[in-house]
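Chemist: structure for this input, please:
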Amino acid sequence: MSEEQTPQPTSCEKCDEYLAGWKRALADYDNLQKDLARERTEIRTRVKQDVAYQLIGVLDNFDQAAKFQPEGMSKELEVWLKGLMHVKSQLEGVMREMGLEAYGVVGEIFSTHLHDAGGERSEEDKADQEILEVVTRGWKLGDRIVRPAKVIINNKN
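Modeler: Next comes the predicted model:
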């Protein structure tokens, strides 16, 4: 052999080199699939949140309208109102199917992570920081807070 010639790898060394390259390519493809699946999940979650923001406003309007039901309604008006409240229930069902959950109940203790204090009152027979009134319900999507509940709390100080 002359000095100018380099030794050629044996066929087994070439096979090992090709096998290592193939394994790297396969691992890269597997990682790409996982990244794409994670991205699709994140996109679905963002779309659900965007739709939820839109529907939450509609449900807030239903909640406000229900607070001011007139007394002494005619039978026709009662039937109409019952139908309207059924539409509200259907919207809430859609929200639940999307994985959203309403929260915020009178009597709970105020939490800065879940609630937004919209005002304070002082009632001696209630616990300090107890929720006295829910102005707007809060909504969660899994662990994420889509919108905090706006509440009136008891402040004894």
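
Chemist: what packs against whichever strand or helix holds residue 84?
Modeler: In the assignment (DSSP states H and E), residue 84 maps to helix 75-97. Applying 3 or more Cβ pairs under 8 Å, 6 or more residues apart in numbering; DSSP states H and E, one finds that helix 75-97 makes contact with helix 11-67. The C-beta positions use only the backbone N, C-alpha and C, and glycine is treated the same way.

Chemist: gap between the helix it packs on and the chain center?
Modeler: Put simply, helix 11-67 sits 16 Å off its chain's centre (Cα atoms, centre = their mean, to the nearest Å).

Chemist: so what's the residue count around residue 42?
Modeler: 10 (other Cβ atoms under 10 Å).

Chemist: from here on, call the first residue 33.
Modeler: With 33 as the first residue, the last one maps to residue 74.

Chemist: any idea what the closest residue to residue 92 other than its chain neighbours is bridged to?
Modeler: The shortest distance from residue 92 to any non-neighbouring residue, by Cβ to Cβ, 6 or more residues apart in numbering, is to residue 168 (5.5 Å). Here residue 168 sits in beta bridges with residue 182, going by DSSP bridges.

Chemist: who touches the helix holding residue 116?
Modeler: 84, 87, 90-91, 94, 97-98, 101-102, 105, 134, 171 (Cβ atoms under 8 Å, 6 or more residues apart in numbering).

Chemist: go with 6 Å
Modeler: For helix 107-129, the external contacting residues (Cβ atoms under 6 Å, 6 or more residues apart in numbering) are 91, 94.

Chemist: and the average pLDDT for it is what?
Modeler: Averaged across helix 107-129, pLDDT comes to 92.
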